[in-house]
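Undergrad: Structure of the sequence below:
(one chain, ligands or ions: 1)
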Amino acid sequence: MTTTIPARSLAVEGDIGVLTLSYPPVNALSQVMREAIVEGMREANANPAVKAIVLICDGRTFLAGADITEFGKPPKAPSLREAQDQIEGASKPVIAAIHGTALGGGLEVALCCHYRVAVPSAKCGLPEVHLGLLPGAGGTQRLPRIVGVEKALDMILNGSHVPARKCLEMGLVDALVPEGELRAGAIAFARTVLAEGRPLRRVRDNDDKLLAARAHPEIFAKVRQDNARKFRGFPAPEANIQCIEAAVNLSFDEGLATERRLFTELVAGTPSIAQRYAFFAERKATKIPDVPDDTPTARVAKVGIIGAGTMGGGIAMNFANVGIPVVLVETQQAALDRGLAVVRKNYENSAKRGRFTTEQVEQRMDLLTGSLQMEALADCDLVIEAVFENMAVKKEIFGKLDRICKPGAVLATNTSALDVNEIASAATSRPEAVVGMHFFSPANVMKLLEVVRGAKTSATALATAMQIAKKIGKVAAVSGVCPGFIGNRILAARSAQAQAMVLEGAMPWDIDQVLYDFGLPMGPFAMSDLAGLDIGWSKETSKGATIRERLCEMDRRGQKNGAGYYDYAVVDGTRTAQPSEVTRGIIRDLMGEQGKVARAIGKEEILERCVYAMVNEGAKILDEGIAIRASDIDVVWVNGYGWPVYRGGPMFYADTVGLPTVVARLQAYGDRMGPGFTLSPLLERMAAEGKSFTR
Ligand code: 3HC
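TA: Take a look at the predicted model:
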């Protein structure tokens, strides 16, 4: 017998009721799904033939969580709690059958079931912290009661997706059933529950797993301390910790009340609004208006990378990680050997940290082959050039690739600033196959991939780059061609202000501190020291006209040789940066030579000039069509440059401040912004019309 209404169907198989929920694409717990659970559970509960209930989902995943688009809007009945109460309070055992991902509210529904089974490929997680939230449907109270406080803290604070086998070990799922046989496996499990007369296990009723933490309340202080750096600026982690503390110290219902209160506070705050915006912005960035989703793509079964330096090696790891073979091409055997050795070391370090097994290290290394011949790239579907930034060299390489690579191959350059159109048209007879794939260093770690669309890049080449980006776990955003593309062009606008302010009286460390306090991992001068001040500098051509040139002339090349804008000292095994009297002297001398007198520059001016100059450049980028949408600019800055996601991105931040304020402040700074600065007409117009970039 099967009854069906949208989003649910109840099938009765012998004495088992199978309640199937369906709401594509990810079975989010929108109002219609909550209603489906309430009604479906009522029906199954009321049916005397049904002795146990299996809760299962159609499509690619179990329930992926609350519907994020509903947050901040008036609540619609039934609430998620009502749906959960129907399950937890059922008079018959309810078994969650999990495939895909049981996330957030989805896992919290499963935690209300009396038992949980999963296929091996399934994953469970409470990722709310990534949205600036906490599990607000009892997750902070139930999870620690199942897996213990320490594991719950780990899972909730990292928002990690835990593989089914690990869930089984932790007791989060009760049994694994064979892949592809979830329904039958769950029904069989339900029959075992009935046959053995197992109880209606309600998580709320059992505090045993909390006892260890009651005896050791110091674990909360430790987790705060251990993660202080990571949590800096984010309100959600602390709220999550407080909820778990409440689970340990209060009754279940009091704990739920704490959870509700803190969730309500978080959901209304700007940080969570910004993080939810960032979630959708990342997904929007994959959509290119004139390149529809069904655009044919090249099948990427083999990748070639030219250059086995830090960048090339890092890029190669991304592909080996997902099982795609890579040919690394270098000009010298020694460079190739060095590159492969660095990759191996990186993998071995990951293995040491328990990320994967030594066997997996070898599996990955087996996918990497080296060659000194460009001809080895002949059968690659995608080739990425990752040599140093020199147009002549790149053109020579692309000329060779044009002759060697098979028809249909996508030819990508990892340039961070050079003209992709010139590389495509001047060096190849197939500019449609050429695209920019700008990885960020370290390329195996950084999430961002700036995909650069040349004037002639074909829809297929572009769609292939976007698709492969998703496959290797990158967050991709499309940029048109301009010097520095989206990310580095905005960085240059900020650097111009930072450099200017140093010659007006602010010290590099003052500027860095303001940007660090704003939430960035470091300011522009610390970043230059990290990258190396001598990139692009040579003794022969140095004119000593800038602070950076003078620092290089004094062999202050940055962190790598212990001195740059800062002095570096190793204290207790960690490198620490100290303001440098040498740098101060260079600045004073240069200002004297230019007839400049230092003035006191406040924190507000430092922040506004740096950040509003970025916004202004972002507006120009948008106006010129270099970025498809303002949120793509934010995606670039959050994922490639460490912009604090709780501030959304530069364009979102401008909307938070208000565009009229941004314009007014930029106008007020006037000439101080420098001779190269012009206000973006788009920014001015939008401010005047009361518009916003992102809302
Ligand atoms: N709410 C609303 N829409 C959602 C959603 C959600 N929870 N999860 C995904 N979507 C949408 C996406 O925006 C996307 O829409 P689009 O096609 O229009 O761009 C579509 O579903 C498909 O999503 P993905 O492209 O991300 O699909 P993938 O297959 O790559 O990934 C996923 C699937 C792993 C489920 C991923 O979508 C994901 O991580 N979703 C968010 C999960 C989450 O954070 N859940 C917790 C929500 S908060 C909560 O539950 C609060 C509770 O505690 C009270």
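
Undergrad: need the strands for the stretch 151-300 of the chain, in chain order.
TA: 162-163, 175-176 (DSSP state E, counting those that start in this stretch).

Undergrad: Need those strands in JSON lines (columns: mean neighbour count, distance to residue 389 and mean pLDDT).
TA: C-beta: built from backbone N, CA, C; applies to glycine. Output for the strands of the stretch 151-300 of the chain, formatted as JSON lines (neighbours: other C-beta atoms under 10 Å; distance: least, C-beta to C-beta, whole Å; pLDDT from 0 to 100):
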{"stretch": "strand 162-163", "mean neighbour count": "19", "distance to residue 389": "40", "mean pLDDT": "98"}
{"stretch": "strand 175-176", "mean neighbour count": "16", "distance to residue 389": "50", "mean pLDDT": "98"}
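
Undergrad: So for the ligand, which of these sits nearest?
TA: strand 162-163 (13.1 Å; C-beta to the nearest ligand atom).

Undergrad: Parallel or antiparallel, which strands does that closest one pair with?
TA: strand 123-125 (antiparallel) (DSSP bridges).

Undergrad: my guess is residue 204 meets residue 144, correct?
TA: No. Contact criterion C-beta atoms under 8 Å: residue 204 and residue 144 do not qualify, at 11.7 Å.

Undergrad: higher neighbour count, the two?
TA: residue 144 (27 against 17; other C-beta atoms under 10 Å).

Undergrad: quick one: what helix or strand has that one in it?
TA: Here residue 144, judged by DSSP states H and E, is contained in helix 139-147.

Undergrad: And the contacts of that helix?
TA: 104, 107-108, 111-112, 126, 128, 134-135, 152-153, 155-156, 170-172, 203-204, 206-207, 209-210, 213, 240, 243-244, 246-248, 252, 255-256, 259 (C-beta atoms under 8 Å, 6 or more residues apart in numbering).

Undergrad: Also stretch 661-672?
TA: 500, 504, 605, 608-609, 612-613, 615-616, 654, 673, 679, 683-684, 687.

Undergrad: Helices of the stretch 451-600 of the chain, start to end?
TA: All helices of the stretch 451-600 of the chain, identified by DSSP state H, counting those that start in this stretch, fall at 459-471, 485-502, 508-518, 524-531, 547-553, 581-593.

Undergrad: Among the ones you listed, which comes closest to the ligand?
TA: When the helices of the stretch 451-600 of the chain are compared (using C-beta to the nearest ligand atom), the closest one is helix 459-471, at 7.3 Å.

Undergrad: quick one: that closest one to chain centroid distance?
TA: 18 Å (C-alpha atoms, centre = their mean, to the nearest Å).

Undergrad: Okay, and the closest residue to residue 79 other than its chain neighbours sits in which element?
TA: Excluding the flanking residues, the one nearest residue 79 by C-beta to C-beta, 6 or more residues apart in numbering is residue 34, at 7.0 Å. Using DSSP H and E, the element containing residue 34 is helix 31-46.

Undergrad: Likewise for residue 422?
TA: Short version, using DSSP H and E: residue 422 is in helix 420-427.

Undergrad: Skipping its backbone neighbours, what lies nearest residue 243 in space?
TA: In space, residue 243 is closest to residue 140, 3.6 Å off (C-beta to C-beta, 6+ apart).

Undergrad: Count the residues that sit near that neighbour.
TA: 31.

Undergrad: And the pLDDT for it?
TA: pLDDT recorded at residue 140 is 98.

Undergrad: State the distance from it to residue 129.
TA: Residue 140 sits 11 Å away from residue 129, taking C-beta to C-beta, to the nearest Å as the criterion.

Undergrad: Now do the shared contacts for these two.
TA: 156, 240.

Undergrad: Closest residue of the stretch 151-300 of the chain to the ligand?
TA: residue 283 (3.9 Å).

Undergrad: Just the pLDDT at that residue, thanks.
TA: For residue 283, pLDDT reads 97.

Undergrad: Could you count how many residues lie near it?
TA: 11.

Undergrad: Find the nearest non-adjacent residue to the residue of the stretch 501-650 of the chain found nearest the ligand, please.
TA: Nearest to the ligand, among the residues of the stretch 501-650 of the chain, is residue 631, at 12.3 Å (C-beta to the nearest ligand atom). Counting by C-beta to C-beta, 6+ apart, residue 631 lies nearest to residue 281, which is 3.8 Å off, once chain neighbours are set aside.

Undergrad: number of nearby residues for residue 166?
TA: 15.

Undergrad: Go ahead and report the secondary structure state at residue 63.
TA: Here residue 63 is coil, with the state taken from DSSP: H, G, I helix; E, B strand; the rest coil.

Undergrad: Surely it is in contact with residue 34?
TA: No. If you go by C-beta under 8 Å, residue 63 and residue 34 don't touch, sitting 10.4 Å apart.

Undergrad: Settle it for me: which of the two has more neighbours?
TA: residue 63 (28 against 25).

Undergrad: and that one, what pLDDT?
TA: At residue 63, pLDDT is 98.

Undergrad: Next up, the contacts around it.
TA: 21, 27-29, 33, 57, 102-103, 105-107, 109-110.

Undergrad: Buried residues in the helix or strand hosting residue 363, which are they?
TA: Using DSSP H and E, residue 363 falls within helix 358-366. Neighbour-count burial for helix 358-366, counted by 16 or more other C-beta atoms under 10 Å, picks out 361, 364.

Undergrad: helix/strand/coil for residue 369?
TA: Strictly by three-state DSSP, residue 369 counts as strand.

Undergrad: give me the beta-bridge partners of it?
TA: residue 327.

Undergrad: Identify the residues contacting it.
TA: Per C-beta under 8 Å, 6+ apart, neighbours of residue 369: 325-328, 376.

Undergrad: Please check those residues and keep the buried ones.
TA: Counted by 16+ other C-beta under 10 Å, those give 326-328, 376 as buried.

Undergrad: what about the residue of the stretch 101-250 of the chain found nearest the ligand, how many neighbours?
TA: Minimum separation of the stretch 101-250 of the chain from the ligand (C-beta to the nearest ligand atom) falls at residue 104, amounting to 2.4 Å. Per other C-beta under 10 Å, the neighbour tally for residue 104 reads 27.

Undergrad: show me what contacts the residue lying closest to it once chain neighbours are set aside?
TA: Closest residue in space to residue 104, ignoring its immediate chain neighbours: residue 65 at 3.0 Å, by C-beta to C-beta, 6+ apart. By C-beta under 8 Å, 6+ apart, residue 65 lies in contact with 28-29, 103-107, 127-128.

Undergrad: Just the ones of the residues you listed in helices?
TA: 105-107 (DSSP state H).

Undergrad: mind giving me the domain split of the chain?
TA: As given by automatic domain parsing, the domain ranges for the chain are 7-247, 303-483, 505-593, 603-688.

Undergrad: Any regions of this protein where pLDDT drops low?
TA: Applying pLDDT under 70 to the chain flags the ranges 1-6.

Undergrad: residues from it in reach of the ligand?
TA: 25-26, 28, 61, 64-69, 80, 101, 103-105, 108, 127-128, 131, 133, 135-137, 139, 280, 283 (C-beta under 6 Å from any ligand atom).

Undergrad: which of those count as buried?
TA: Here, 16+ other C-beta under 10 Å leaves 26, 28, 61, 64-68, 80, 101, 103-105, 108, 127-128, 131, 133, 135-137, 139 buried among the residues of the chain next to the ligand.

Undergrad: Surely residue 50 and residue 13 touch.
TA: No. Judged on C-beta under 8 Å, residue 50 makes no contact with residue 13 at a distance of 9.6 Å.

Undergrad: These two: who's more crowded?
TA: Remark: of residue 50 and residue 13, residue 50 carries more neighbours, 20 against 16, as counted by other C-beta under 10 Å.

Undergrad: and the more buried one, which of the three is it?
TA: Quick answer, by three-state DSSP: residue 50 is coil.

Undergrad: got the phi/psi numbers for the residue lying closest to it once chain neighbours are set aside?
TA: Closest residue in space to residue 50, ignoring its immediate chain neighbours: residue 17 at 3.6 Å, by C-beta to C-beta, 6+ apart. Its backbone dihedrals place residue 17 at phi -100, psi 130, with angles given as degrees, to the nearest 10.
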